[in-house]
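# below are the sequence and a predicted model; questions follow.
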Amino acid sequence: MAGLSPGVKRKGLARGRSWPYHISLTVTAFVIAFPLLYAALISTQTNAEIFSFKLTPGSSLMDHFEIVWVTRDLAGAMWNSTVQSILVTVGKTVLALLAGLAFVYFKFRGKWIVFFLVLITLMMPTEVMILAMFRLVSGFGWQDTMAAIVVPFLASATGAFLFRQHFANLPAELLEASQIDGASPLQFLTKVLIPLSWNVIAALFVIQFVYTWNMFLWPSLIIRDESRQVVQAALQNLTNVGGSLTYGPLMLAAILASIPPAIVFVLMQKPFMSGFAIGQQK
Amino acid sequence: MLILGLVIAAVLGPLYVWQNNDNPTVKRYGIGSAVAVLGAAATPLAMGRCAFEEGSSGVDHLLAYSLMAGGAWLGLIVLQFLFDRVDGKAAEGAAMAGEIRTGGFRMGWWVPWVLLSPTLIILIVFLYLPAIQTFTLSTKLTRLGAPKSVDVCFGNFTELLITDPWKLVAYPLLAVAAIYGARFWLHHSSPNTWSRKGADVASVFAMLSIFVALYAMFSPGGGGQVAYRPVYLNTVIITLGIVAFGMIGGLAVAYLAFRKIRGATVYRTFLIWPYAISPAVAGVLFFMIFDPTAGIFTHLMDSWFGIDVPNYRENAVLAQASIILASGWKILGYNILFYLAGLQTVSLDQIEAAVLDGASTWQRFTKIVLPALSPITFFLLVTNLVYAFFEVYATIDFMTKGAPAGKTSVAIYEIIRIGVKNGDLGRGAAQSVLLFVAVIAITLWQFRSTGERVTYGGA
């Protein structure tokens, strides 16, 4: 990335008129947004309106909201997802910070063995061992508990390596100064390292929040009690409302389920991008 | 028979040591031989001699030998790593593990272990343990929730393959021969132009050969065998479809959007937001669009073009296409995000020089932009592949549930169908092992190629 200052030379590519770009970008954005816009339209319509293919908003948005939010307790499922996502995201960040601290600021025998033990897990996605994990976690008696959808996901190689790389690029003088002050490792972490790592923490937060919120397969296997289900798997129950397929409530639920990760993503776009730049450095 | 395999390992071990070390000592030859024997003996020791017992087939022997070879090879790779470390070649390894230049904290030896223990405990209990259990389960017949199990050795694997052991040996050999033949031919027919293009042709051809060989090796079903060939084919079609659609679409949109114009950041947000959408929601949205009675797609095709679109859940091609479209749409945002970041690194000096030389837009794109993007492309290829392997589960579950006639049942969907819905843990675990091997192969290919082929233009 050296020797390139965006903004200075970038003009060279925007010579000539810019309205063709505006038009094509608007059209592209519309095409990409179409499935969601269409779902928003459907979520306001009754089945009769849907079958007559009206392109104007219907009148039953509030009825659908009542069905989805109260009767089918999407609110409860959203709450479960919120608790799960926050616990996983915070837990993962804390564990990754501790691991990064140990990797960069300590010398100990067997460090490289630990390093490879963590590295190898990059090629071990949960999905390939999901049957054994299902048996194992059921054996713990964790079915239908929050622990089952939080604890297995608390550690991540990605997070540990992200912080390891970030810490290794910080100036070494930081450590010397803290040691002169007699700071303990945890004080060093909270007073020095964390204030210098907000970008990385934010990037990890976005990735992990979206990942956890959007989890489907594992919760749908291990959580059977509808009142404890997370929102993605709860959508499955909504494909059938009152014995027949009603499209409106399902579309509304899908939109509602997408709001929290979308907000997190849009709000934290900037730190997310700059944190990713750190992760991409070789 | 078993002994013969161990003897071969004892001979090949020192050969490997000879090839990878400058001046190996006798001691190293000895260690190499011993490690190869141990690696080869690992699986027979763990499983017993079951593959060589009375009534075992040629395919059983073949699998047992392959595992012995794999064990020996793995052992030797680890050994070589240790040798390199002793020789000081692996200073990089230490740097990778994050040594710092100054002293670090001087405290009790247990302090770093305490800091690492939460991570290690969770990785061991929830990744390593189930990984090992997946392998042990795959050699058994056992039902979900039932304590009893029967050892079936490689039975869960052999029933996925064709029954002729000679063909099982011949197909991979043919694939390897084809790959090296093609490389040789490309190299010699035009030695001066052997370059990126030649390498690309060769690697595409290599991939095709491997796909075809695997296709021929999986059983089409019948005769008590499991029809795994269709599952394999579905997985290849749907996976490659998603990756191709997601990456080409992502690059096209990013190339359109990276120019500095007014409101660029707003456009970007509106282009990349599907990143936050879940595979399940993608399934729900496209379930609506393609719905045969109420969906807008069917309606518009009929009223605008007079085309009567068949129900996508009853038509194999439409079903696969709709899964590809929904999943590709969902991953588009992710790819646009990374391609936008990658396009910032393209050298504008080079582009301006090319413009002065009279290169066309397309030439500039293929000769300058694409090569500069190759690290990002490669990174995206691997992440998209893994996405298409696993996350597609939710989309399929909402749209087709594997219909029609299992034509959208990909590997992960089949694992859940057999392992959880049918409660057949052993068979499901065997299919999981296949997927595991595929993931490991992709990751190793990534590690190897990252150093070897990808150009880091501008980075």
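Arrived safely, thanks for sending.

# need the contact list for the closest residue to residue B:444 other than its chain neighbours.
Nearest residue to residue B:444, sequence neighbours excluded (Cβ to Cβ, 6 or more residues apart in numbering or on different chains): residue A:123, at 7.9 Å. From N, CA and C alone the C-beta is placed, and that goes for glycine too. By Cβ atoms under 8 Å, 6 or more residues apart in numbering or on different chains, the contact list for residue A:123 reads B:439, B:440, B:443, B:444.

# one more: residue A:198?
residue A:271.

# how close does it get to chain B?
Residue A:198 sits 20 Å away from chain B, taking Cβ to the nearest Cβ, to the nearest Å as the criterion.

# how does chain A divide up, domain by domain?
Split into domains by automatic domain parsing, chain A comes to A:20-59, A:74-236+A:258-280.

# so which of these gets nearest residue B:284?
Closest approach to residue B:284 among the domains of chain A is made by domain A:74-236+A:258-280 (6.1 Å; Cβ to Cβ).

# tell me where the chain has strands.
Answering for chain A, as no chain was given. Assigned by DSSP state E, chain A shows no strands.

# look at chain B instead
B:140-142, B:149-151.

# so residue B:67 sits right up against residue B:43, yeah?
Yes: Residue B:67 lies in contact with residue B:43 (Cβ atoms under 8 Å); the separation is 4.2 Å.

# and the domains of chain A, which is most packed in?
domain A:74-236+A:258-280 (a mean of 19; mean count of other Cβ atoms under 10 Å in any protein chain shown).

# you'd agree residue B:268 is up against residue B:343?
No: the pair residue B:268 / residue B:343 is not scored as a contact, 11.5 Å apart, by Cβ under 8 Å.

# just checking, residue B:338 touches residue B:378?
No: with contact defined as Cβ under 8 Å, residue B:338 does not count as touching residue B:378 (11.0 Å).

# more crowded one of those two?
residue B:338 (22 against 16; other Cβ atoms under 10 Å in any protein chain shown).

# could you measure from that one over to residue A:213?
As defined by Cβ to Cβ, to the nearest Å, residue B:338 lies at a distance of 21 Å from residue A:213.

# re earlier: can I get the domains of chain A in JSON lines with mean pLDDT?
Formatted as JSON lines, the domains of chain A follow (pLDDT from 0 to 100):
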{"stretch": "domain A:20-59", "mean pLDDT": "89"}
{"stretch": "domain A:74-236+A:258-280", "mean pLDDT": "89"}
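
# for residue B:317, grab the count of nearby residues.
Residues near residue B:317, counting by other Cβ under 10 Å, number 11.

# do the same with residue B:297
Neighbours around residue B:297, by other Cβ under 10 Å: 18.

# what's the spacing between it and residue A:34?
Counting by Cβ to Cβ - residue B:297 and residue A:34 are separated by 11 Å.

# residue B:326 now?
Taking Cβ to Cβ, one finds residue B:326 at 12 Å from residue A:34.

# touching, residue B:276 and residue A:264? I think so.
Yes: Residue B:276 is within contact range of residue A:264, at 7.3 Å (criterion: Cβ under 8 Å).
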